[in-house]
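Chemist: Okay, sequence plus prediction incoming.
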Amino acid sequence: MGQPRYDAVGLAVLQPTRPGSTGNPVTAAHRQLPPGSVAEITALATGRTILALIDEKTSLTTDKAEIALSPAAARLLDLSGETSAPVRVRTTIASPADLNALRSGQAAARRLDAPPALLAALRLQLSPPQSVSAAAPANALPVTATSMRKLPDPTPAPTRPAATPLARPQRGQYLVQVAALSHPVRAQGLARTLGGFVETAGSLHRVRLGPFADAKSAQRARDAAQRRGYGGATIIVQP
């Protein structure tokens, strides 16, 4: 198997324009994704989705910002007037045409907007809103009151007592991996929503369903997860 697909929600901030840069490249900086990779970014307020080329790593912390967008990427997401906005970030394999476009400083082909039901589920994975501008990185662009446009405030998940980690069931040969998240609380919340469990390896927390006794049951669970917006859901066969 290849590496698990990166999938996380958080805040996007604006990446400052570098001195001497030309054109309007659709790029982004991320703390984990390697330069040269491609991220699929979805604005959780509107569902608008784009592809962006990761051009550098950033020191932004998980609690404050997930990704820093170039001005062109922010405009494509209709976020050019924002200081920060909630987004979903996923790794993806771009088509040759999209990859060539991004590398040449152009936008990739238009993506379908995320459906409202998926956006509602993703907003529940957000941590309580925090101020990013108060602790913005040293190279962040200055913010003025006239540059801010209010986004719909994502509704945080209801406050609950601290949950114990979900135990992995023991029977069955087949599993369905829905997502691999960097935030343990979000992973636990998603697992509870889907009726699954979490397995942690290093900094990734894998949300899985099952185990299932036969391949058909696993396929039904995978298809159901994909219909709910988790297109990267895959079947894993245990030894």
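Modeler: Ah, there it is. Numbering: from 1, shown residues only.
Chemist: Check which helices and strands the lowest-mean-pLDDT helix or strand in the chain sits against.
Modeler: Across the helices and strands of the chain, mean confidence by mean pLDDT, DSSP states H and E is lowest for helix 184-194: a mean of 84. Secondary-structure packing of helix 184-194 (3 or more CB pairs under 8 Å, 6 or more residues apart in numbering; DSSP states H and E): strand 174-181, strand 197-201, strand 204-212. Where you see a C-beta, it was placed from the backbone N, CA and C, and this is true even at glycine.
Chemist: Of all these, which one comes closest to Gln226?
Modeler: strand 174-181 (9.2 Å; CB to CB).
Chemist: what residues does that closest one touch?
Modeler: Contact partners of strand 174-181, identified using CB atoms under 8 Å, 6 or more residues apart in numbering, comprise 4-8, 187, 190, 194, 196, 204-215, 217-218, 221-222, 225, 230, 232-238.
Chemist: how much space between Glu30 and Ile41?
Modeler: Not Glu; residue 30 is His. 10 Å (CB to CB, to the nearest Å).
Chemist: can you check Gln226 too?
Modeler: In this view, Gln226 and Ile41 are 20 Å apart by CB to CB.
Chemist: So the two - more neighbours on which side?
Modeler: Neighbour totals were compared for Gln226 and Ile41, and Ile41 leads with 27 against 15 (other CB atoms under 10 Å).
Chemist: What ranges does the protein have for its helices?
Modeler: Counting by DSSP state H, the chain has helices at residues 71-76, 96-103, 116-123, 184-194, 215-227.
Chemist: Identify the residues contacting the residue minimising distance to the centre of the chain.
Modeler: When CA atoms, centre = their mean is applied to the chain, the residue found nearest the centroid is Val89 (2.5 Å). Contacts were defined as CB under 8 Å, 6+ apart; by that measure Val89 touches Tyr6, Asp7, Ala8, Val9, Gly10, His30, Leu33, Ala39, Glu40, Ile41, Glu66, Ile67.
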